[in-house]
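Q: how would this look folded up:
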Amino acid sequence: MDAMHTFLSRCPPFDALPEDELRAVAEAAEEVSYPDGGIVLVEDGPAAEHFYIVREGTVELLHEGQVVDVLEPGEAFGHTSLLTGMAPAFTTRAAGGTRLVLVPKAQALAVLGRPAGAGFVARTLRDRLTRTGNMVHGLPELRTAHVGSLVDRRTPFLTPETTIREAAEKMTAAESTAALVRLPGGLGIVTDADLRIRVVAAGVSPDDPVSTIMSTPVHTARPEQVALETMIDMLARGHDHVAVVDARGEVLGTISAVELVSLESRGPFGVRRAILAAQDAEQLVETSRQLPDAFVSLLDAGLAPSDVGRVLALAGDAVTQRLLDFASARLGAPPVPWAWLALGSAARRELTLGSDQDNALAYGDTDDLEAPAYFAALAEDVNDGLARCGFGDDPAGVLARDPRWRMSESEWLRTFEDCLVQPDRSGLVRAAIAFDFRHVAGGLPVVSPLVAVLQRAREHVDFLRALARTATDWRPPLGFRGGLVLERDGTGVGRLDIKRGGVLPIANLARFHALANGITISATLDRLVAAEELGALEPELAQTLREAFVIVSRVRLEHHAAQVQAGVALDNLVDPDQVPPLARRELLEAFRAIAKAQKQLSVYVPIGR
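A: You can find the predicted model right below:
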């Protein structure tokens, strides 16, 4: 009972109970173990009869069979169903060896009816809606992707005289399930199925010409055609392959019905599901290698930059959650509740494959001398694992394994406060990174107290003045007459740093206007919208900055996609001559909008003071 009392005393809303009432709840509560895959509550099933708190292990929340959230030790569930008497909104499933604390209905309702309990319910509902909402809206249904983003461009081309043997050899070398045959005025096609049915099963000689087994005419589709529509059309016609042909009549390649049917398993949604199902670090690393191709397919499908960044952030969260699972299994149960935080662009969900990992860890205040060592080992495991999965180390060391980014809850609160009251250079650098934070995993309720500190930022005039100056640290690459200024390398090629000159300046401006007006959301576009709605930004300027952010983000993502396809290391150095003319003009206007917004900050505080 003492262990139960101690555990509940650290978990909201029980941490606000008087000692005698807390002891009574601890006496009534019980601890129950669930095997891997054990079902606790069923979506649309019987209403909950207990208030559940994760003591050890993790619990997955599923909606229509898909994992939409993962609950860590210290996090609770079941209270919505308990309060309303309605069916659970999610199926809850144990992942790994899981132990739950079950508080009976009568005691739970008494606690949830208090002000602290009502606040807990409101906060957790908001957090869960946000987290699951981002999941639902951040992972597009790839069966509505465009065919052009899925085409197999390795498909070999043959002549009618090519032998069947040579056709099979070329298909094997290209790792393609089909080959196209150029004919006068049209195309023929040979597929794997043709080789099995029309050659092997029918006894046709492999030295016969491929024209004897090919099919013609070939069913075609345009690159902009929706994949689901194409799949239905193929099934109706009885075809198992389609040739993708652009508006000029150029054949781009082929796509198979099998590929279309399996789209979901190859897209970001499927990749994330495979990540969460990984059984060890090696399998997780292997699965994460699919992310670059998924990233490119999202851009080819025409997704907005904000959607692409959100999908990558969700994938990063999934990798982090599995690495935390593996580390916890190796190290044992954590001594106190904790929270893993994403920082910077990961927190804003503005990731690209070229982004570094920025993260931090907070853990509950404790006298346990072994706790710091435990969380140091946990962070080391996760940071190393993220690097192996393709999320690069941050050159500035903004990693949870660094003690500067791994602290107790009270130390984090003090650090945030110090940034406001002592806005020196180091404090401003820390604020620029840590004030963009997002909870990823763990049951420590550290978000609300940290957000409360951010809401007081507008009361600290000296901090805001200093922050306004740092919002101009990164300037757009414009010359005196408003033209582009390029950095030239040893070969004389001029490039511009799209991150330093475009993405960061707008993110810094949005952060300033957010903190100056009590706005605590992190995403850059959302901050600009909120600042406009509060009257802190003129509508025209806010709209211009949002459009500029979309433009520079798109150019950056397309630059990274091209580097992924070329198999070269990712950077942010864009050659303007490689940008299409219209996009280049848009980019120049975006830089001018940034410069105008930075200049307007001088109204608030003289820049350069």
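
Q: pull the CA atoms of stretch 100-120 into PDB?
A: Below are the C-alpha coordinates for stretch 100-120, written out as PDB (Å, rounded to 0.1, in the frame of the first residue of the first chain):
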ATOM      1  CA  LEU A 100      -1.800  -0.800 -14.700                       C
ATOM      2  CA  VAL A 101      -3.200   0.700 -11.600                       C
ATOM      3  CA  LEU A 102      -7.000   0.400 -11.400                       C
ATOM      4  CA  VAL A 103      -8.900   2.900  -9.300                       C
ATOM      5  CA  PRO A 104     -12.500   1.800  -8.700                       C
ATOM      6  CA  LYS A 105     -15.300   3.900 -10.100                       C
ATOM      7  CA  ALA A 106     -16.600   5.300  -6.900                       C
ATOM      8  CA  GLN A 107     -13.200   6.700  -5.700                       C
ATOM      9  CA  ALA A 108     -12.300   7.900  -9.200                       C
ATOM     10  CA  LEU A 109     -15.600   9.800  -9.700                       C
ATOM     11  CA  ALA A 110     -15.100  11.500  -6.300                       C
ATOM     12  CA  VAL A 111     -11.600  12.700  -7.300                       C
ATOM     13  CA  LEU A 112     -12.600  13.700 -10.800                       C
ATOM     14  CA  GLY A 113     -15.500  15.800  -9.400                       C
ATOM     15  CA  ARG A 114     -13.000  18.100  -7.600                       C
ATOM     16  CA  PRO A 115     -11.600  21.200  -9.300                       C
ATOM     17  CA  ALA A 116      -8.200  19.500  -9.700                       C
ATOM     18  CA  GLY A 117     -10.000  16.500 -11.300                       C
ATOM     19  CA  ALA A 118     -12.000  18.700 -13.600                       C
ATOM     20  CA  GLY A 119      -8.900  20.500 -14.700                       C
ATOM     21  CA  PHE A 120      -7.200  17.100 -15.300                       C
END
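
Q: Residues in contact with that stretch: which ones?
A: 4, 7-8, 12-14, 16-17, 21, 24-25, 28-34, 40, 48-55, 59, 79, 82-83, 94, 121 (C-beta atoms under 8 Å, 6 or more residues apart in numbering). All C-beta atoms are positioned from the backbone trio N, CA, C, and that covers glycine.

Q: Out of these, which end up buried?
A: 4, 7-8, 12-14, 16-17, 25, 29, 34, 40, 48, 50-55, 59, 79, 82-83, 94, 121 (16 or more other C-beta atoms under 10 Å).

Q: Mark which of the residues you listed are part of strands, please.
A: Members of the buried ones among the contacts of stretch 100-120 lying in strands (criterion: DSSP state E): 34, 40, 50-55, 59, 94.

Q: what two of those are the furthest from one another?
A: Maximum pairwise distance among these (C-beta to C-beta): 16.8 Å, between 51 and 94.

Q: so residue 61 is in which element?
A: Following DSSP states H and E, one finds residue 61 within strand 50-63.

Q: avg pLDDT for that strand?
A: Strand 50-63 carries an average pLDDT of 88.

Q: pretty sure residue 161 is in a strand, no?
A: No: the assignment for residue 161, made by DSSP: H, G, I helix; E, B strand; the rest coil, is coil rather than a strand.

Q: That one reaches residue 209, doesn't it?
A: Yes: here residue 161 reaches residue 209: they are 5.4 Å apart, a contact under C-beta atoms under 8 Å.

Q: Tell me which of the two has more neighbours.
A: residue 209 (17 against 10; other C-beta atoms under 10 Å).

Q: residues in contact with that one?
A: 160-164.

Q: how does the chain divide into domains?
A: 2-136, 153-256, 265-455, 465-603 (automatic domain parsing).

Q: Can you tell me which of the ones you listed is most buried?
A: The highest average neighbour count among these, using mean count of other C-beta atoms under 10 Å, belongs to domain 265-455 at a mean of 20.

Q: Kindly provide the whole-number mean pLDDT of it.
A: Domain 265-455 shows a mean pLDDT of 88.

Q: and that domain, how far out from the chain's middle?
A: 11 Å (C-alpha atoms, centre = their mean, to the nearest Å).

Q: For the stretch 101-250 of the chain, which segments count as strands?
A: In the stretch 101-250 of the chain, the strands defined using DSSP state E, counting those that start in this stretch lie at 157-158, 178-183, 186-191, 220-221, 241-245.

Q: Could I get the ones you listed in a markdown table, plus columns for mean pLDDT and distance to residue 278?
A: Below are the strands of the stretch 101-250 of the chain laid out as a markdown table (pLDDT from 0 to 100; distance: least, C-beta to C-beta, whole Å):
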| stretch | mean pLDDT | distance to residue 278 |
| --- | --- | --- |
| strand 157-158 | 95 | 39 |
| strand 178-183 | 94 | 32 |
| strand 186-191 | 93 | 33 |
| strand 220-221 | 90 | 34 |
| strand 241-245 | 91 | 32 |
